[in-house]
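Asker: Here is a sequence together with a model predicted from it:
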Amino acid sequence: MSLFGPSRKEPFGTNADVMHQAVDATLADADYQRTPVPEKAQLGFKNFVGMYAGEHTAGTELMIGPLFVAAGVSAFDMLLGLLVGNLLAVLSWVLFTAPIATRERLTLYYQLERICGRKLVVVYNCVNGVMFCLLAASMITVAATAVGVATNISMPQLDDVYPNSLGWVLAVVCIGALISAVAAYGYETVSHFANIAAPWLVAVFLALGIIALRQFITATGTEIGSFSDLWALANNDIWKGGEPLAGKTKFTFWHVMFFAWFCNIAMHLGMSDLTVLRFARKSWYGFATASGMYLGHFVAWIAASLLYSLQLYEDPSNTEVLPGPMTYKVLGVAGVICVVLAGWTTANPTIYRAGLAFQSIVPRASRFSVTLFAGALATVAGMFPAIAMRFLEFIALYGLLLMPVGAVIFVDFWLSDRLGFRSNYAERTGRSFNPAVAIAWILTLLLCFASVIWGGVQIYFISLPGWLIAAVLYAVMSRILYQSDKAAHAAANA
């Protein structure tokens, strides 16, 4: 089967604002929610480059980088793991998500509704909405750490689970309320805010890394005359490859590679970005995701790692992962502003998407009120630092919960006819529930959690076999269902 779309020449798209409004048409009250995106609305490659660069250079990068250091990763494992893992992530978008997106040109939600029916889409939206709120909570936590720079509030430690001071709770409430208000006013406000901040954030992350490295060189008294000198500094002082901090899993190359690959599994192998890439003129535009992977998930993670390593070098007892104080030490007020904006630019659309996921469950509720509810849920969750302090595990769990749905869509689109059943079961039969999807989803999660809890498999490594298990289960159950369901058989033949 061909992995790429039509080869005809098309002019490039124009405005990044148009891209931001279009890619979430299913989330905003826009057109093409239940129809394919027409040719006139399709966008060029440059639009996707800017969007992915901005989306993946966010406040959470300031948590992920330090947590790699806390996991005792070595320099070789860190750098090679990020290079390989991010490449695999880009290829997953290019080879799995984009071909389906540019052929069907439907939102994830409508594509899923045609396969599994309305009832399971409601379940998916509920899970997705809750996970979006928890993701936004970690971003609110990141932004709230900037408040501690100017105040004397007690901020959370690396192993804290519950809020440890009234000042911290008030800081989270203030930040969360502001972010929720912006999100509730609609996607245009969210998009405008992000478009202004995103280019500046990329430059600030780069500056953070360069200045932190200079300060590291000064603090260690190292003379850098060659690449080997720089590599020695990286090995001996930045990413030492020693024992992890208390309560953290020891990271190797495989941990870094699989995390970089699967931290966005919900988007690529989980097919969530069908909604975004349905606007791409050609499927190879999936390569635009490299801007996000290598600016955000490479440069920004390394820069954040440098900040935390510098902090540990100067005071080994200071194991706090607090982006606000770390960036202030390196870049002053600009660093604090970066932390606030980096949290806001991703928390805003995340809360907005969470609200719309919940609104699909209770369609009579107004988008404004439901978004405020999602923001309130995210704000309360943001008071509990455990979500942000264990962000690597949370992201792995997020992807694990949603990835079976991507396997279902992949099998249904590419393999259904070859395996002896017809695609789009719910649409063909007019039914609101596809038991094959439910069985594949539930059994996959049960097997994955059993492997983690009782089998000793770390959560970072379970998503790939889980995706394959979901694909096989869905194929087998769909064939059994199709052969035994006379109504489905008659409808398909008709």
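Answerer: Received the coordinates, thanks. Numbers count the residues shown, from 1 in each chain.
Asker: C-alpha only now, for contacts and for neighbours.
Answerer: Noted.
Asker: Cross-check the contact I'm expecting between Leu112 and Ile409.
Answerer: Yes. Leu112 lies in contact with Ile409 (CA atoms under 8 Å); the separation is 7.1 Å.
Asker: Might one say that Leu80 is in contact with Phe253?
Answerer: Yes. Leu80 is in contact with Phe253 according to CA under 8 Å; the separation is 7.2 Å.
Asker: The two - which one has more neighbours?
Answerer: Legend: neighbour count by other CA atoms under 10 Å for Leu80 and Phe253, higher for Phe253 (20 against 15).
Asker: Hmm, the more buried one is touching Ala75, no?
Answerer: No. Using CA under 8 Å, Phe253 is not in contact with Ala75; the gap is 9.6 Å.
Asker: rewinding a little: which residue of Leu112 and Ile409 possesses the greater neighbour count?
Answerer: Just comparing Leu112 and Ile409: by other CA under 10 Å the higher neighbour count belongs to Ile409, 26 against 23.
Asker: Assign a three-state SS to the more buried one, would you?
Answerer: With DSSP: H, G, I helix; E, B strand; the rest coil as the basis, Ile409 sits in helix.
Asker: OK, contacts around it?
Answerer: Gln111, Leu112, Ile115, Met271 (CA atoms under 8 Å, 6 or more residues apart in numbering).
Asker: Quick one: neighbours of the closest residue to the third one other than its chain neighbours, just the number.
Answerer: Nearest residue to Ile115 in three dimensions, chain neighbours excluded: Asn424, at 4.1 Å (CA to CA, 6 or more residues apart in numbering). Using other CA under 10 Å, Asn424 has 21 other residues around it.
Asker: and if you look at the one 4 residues further on?
Answerer: Arg428 has 19 neighbours, counted by other CA under 10 Å.
Asker: How much space separates it from Leu419?
Answerer: Applying CA to CA, to the nearest Å, the value for Arg428 to Leu419 is 17 Å.
Asker: Return the distance of stretch 287-295 from the chain's centre.
Answerer: 13 Å (CA atoms, centre = their mean, to the nearest Å).
Asker: I meant to write stretch 63-70 there.
Answerer: 16 Å.
Asker: model confidence over that stretch, on average?
Answerer: When pLDDT is averaged along stretch 63-70, the result is 92.
Asker: Which residues does that stretch contact?
Answerer: Contacts of stretch 63-70 (CA under 8 Å, 6+ apart): 78, 142, 239, 244-245, 248, 251, 300-309, 321-323, 388-389, 391-392.
Asker: Nearest the geometric middle of this structure, what residue?
Answerer: Central residue of the chain (CA atoms, centre = their mean): Asn264, 4.5 Å from the mean position.
Asker: The residue nearest to it when sequence neighbours are not counted: what's it in contact with?
Answerer: What sits nearest to Asn264 in space, not counting adjacent residues and going by CA to CA, 6+ apart, is Gly399, at 6.8 Å. Each residue near Gly399 by CA under 8 Å, 6+ apart is listed here: Phe262, Cys263, Asn264, Ile265, Ala266, Gly270, Ser463.
Asker: Helices - which of those land there?
Answerer: Judged by DSSP state H, the contacts of Gly399 include Phe262, Ser463 as members of helices.
Asker: Closest one of the contacts of Gly399 to Trp414?
Answerer: Gly270 (15.1 Å; CA to CA).
Asker: Next up, phi/psi of the closest one, please.
Answerer: Dihedral angles of Gly270 (phi, psi; degrees, to the nearest 10) stand at phi -80, psi -10.
Asker: just checking, it touches Val405?
Answerer: Yes. At 6.0 Å, Gly270 counts as touching Val405 under the criterion of CA under 8 Å.
Asker: out of the two, which sits in the busier spot?
Answerer: Applying other CA under 10 Å to Gly270 and Val405 shows that Gly270 carries more neighbours, namely 29 against 26.
Asker: Contact partners for the more buried one?
Answerer: Gly270 neighbours (CA under 8 Å, 6+ apart): Gly399, Leu402, Met403, Pro404, Val405, Gly406, Ala407.
Asker: Double-check that the third one belongs to a helix.
Answerer: Yes. When classified by three-state DSSP, Met403 is found to be part of a helix.
Asker: and Arg364, what element?
Answerer: According to DSSP states H and E, Arg364 maps onto no helix or strand at all.
Asker: all numbers from here: first residue = 45
Answerer: Happy to do that; since the first residue is 45 now, the last one works out to Arg408.
Asker: For burial, what's the neighbour tally of it?
Answerer: By other CA under 10 Å, neighbour count at Arg408 equals 8.
Asker: Find me the pLDDT at it, would you?
Answerer: 83.
Asker: cool, Gly230 as well?
Answerer: So, for Gly230, pLDDT stands at 58.
Asker: and if you look at Ala531?
Answerer: pLDDT, read off for Ala531, is 59.
Asker: Identify each buried residue in stretch 81-91, please.
Answerer: Residues of stretch 81-91 classed as buried by neighbour count (16 or more other CA atoms under 10 Å): Val81, Gln86, Leu87, Gly88, Phe89, Lys90, Asn91.
Asker: Next, give phi and psi for the fifth one.
Answerer: Recorded main-chain torsions at Phe89 are phi -60, psi -40, according to degrees, to the nearest 10.
Asker: Thr333: what's it in contact with?
Answerer: Taking CA under 8 Å, 6+ apart, one finds Phe92, Val93, Tyr96, Ala97, Val134, Trp137 in contact with Thr333.
Asker: same deal with Gly116?
Answerer: Trp283, Lys284, Gly285, Gly286, Glu287, Pro288, Leu289, Lys294, Phe295.
Asker: Just give me the neighbour total for the fourth one.
Answerer: When neighbours are defined as other CA under 10 Å, Gly286 has 15 of them.
Asker: measure the closest residue to it other than its chain neighbours to Leu252 for me?
Answerer: Computed as CA to CA, 6+ apart, the closest residue to Gly286 that is not its neighbour in sequence is Gly116, at 5.1 Å. To Leu252, Gly116 is 22 Å away according to CA to CA.
Asker: Repeat that for Thr195.
Answerer: With CA to CA as the criterion, Thr195 and Leu252 are 23 Å apart.
Asker: And these two? Which one has more around it.
Answerer: Neighbour totals were compared for Thr195 and Leu252, and Leu252 leads with 26 against 9 (other CA under 10 Å).
Asker: Quick one: mean pLDDT over stretch 264-275.
Answerer: 88.
Asker: Residues in contact with it: which ones?
Answerer: By CA under 8 Å, 6+ apart, the list of residues contacting stretch 264-275 reads Ile261, Leu277.
Asker: List the buried residues of it.
Answerer: Buried-residue list, stretch 264-275, by 16+ other CA under 10 Å: empty.
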